[in-house]
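Undergrad: Make a model of this:
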Amino acid sequence: MNIAVNIYYRGTDGSARKFAEEMESSGTADAIRREEGNIKYDYFFPMAEPETVLLIDCWEDQNALDRHHASPMMEKIMQLREKYDLHMEVERYVSDGNGVPESDRQYIRK
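TA: Okay, the predicted model is just below:
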């Protein structure tokens, strides 16, 4: 059971993008990617929302996510959120373990 968390960071005057850039340049994002149980930790920039950054954060299970939340990385993340005065919207998805259904595969171009 994988867990995906979509976090929309919103700010003003490019602050969300600066936050993501500092997460990457400081090595914090890479350190999170190396945490046990991390599957994905990537930032995206929604075209229709220039003051928003989307983080897609995936973990093997709830235990891996709990370890991440208890790690020193969370303190760094919280400091940067404050530094850039970001507000968040969070969506959480849990996989059913079945992958993409056969009926949907016809729509995927490889």
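Undergrad: Report the secondary structure element holding residue 90.
TA: Assigned by DSSP states H and E, residue 90 falls within strand 87-94.
Undergrad: What are the buried residues along that strand?
TA: Going by neighbour count (16 or more other C-beta atoms under 10 Å), nothing in strand 87-94 comes out as buried. (C-beta placed from N, C-alpha, C; glycine too.)
Undergrad: Same check on stretch 19-39?
TA: So stretch 19-39, judged by 16+ other C-beta under 10 Å, has buried residues 19-20, 23, 28-29, 31-32, 37-38.
Undergrad: what does it contact?
TA: Stretch 19-39 has contacts (C-beta atoms under 8 Å, 6 or more residues apart in numbering) with 2, 9, 11, 41, 43, 53, 55, 58-61, 63-65, 67-68, 71, 73, 76-77, 80-81, 83-84, 86.
Undergrad: Now list the buried members of these.
TA: For the contacts of stretch 19-39, a neighbour count by 16+ other C-beta under 10 Å gives the buried set as 2, 9, 11, 41, 43, 53, 55, 58-59, 64-65, 68, 73, 76-77, 80-81, 84, 86.
Undergrad: In strands only, show me those residues.
TA: The strands, defined by DSSP state E, take in 9, 41, 43, 53, 55, 58-59 from these.
Undergrad: ok, so of those residues, who is nearest residue 104?
TA: residue 58 (19.4 Å; C-beta to C-beta).
Undergrad: contacting residues for the closest residue to residue 44 other than its chain neighbours?
TA: Once flanking residues are discounted, residue 44 sits nearest to residue 54: 4.5 Å by C-beta to C-beta, 6 or more residues apart in numbering. Residue 54 is in contact with 6-9, 43-46, counting by C-beta under 8 Å, 6+ apart.
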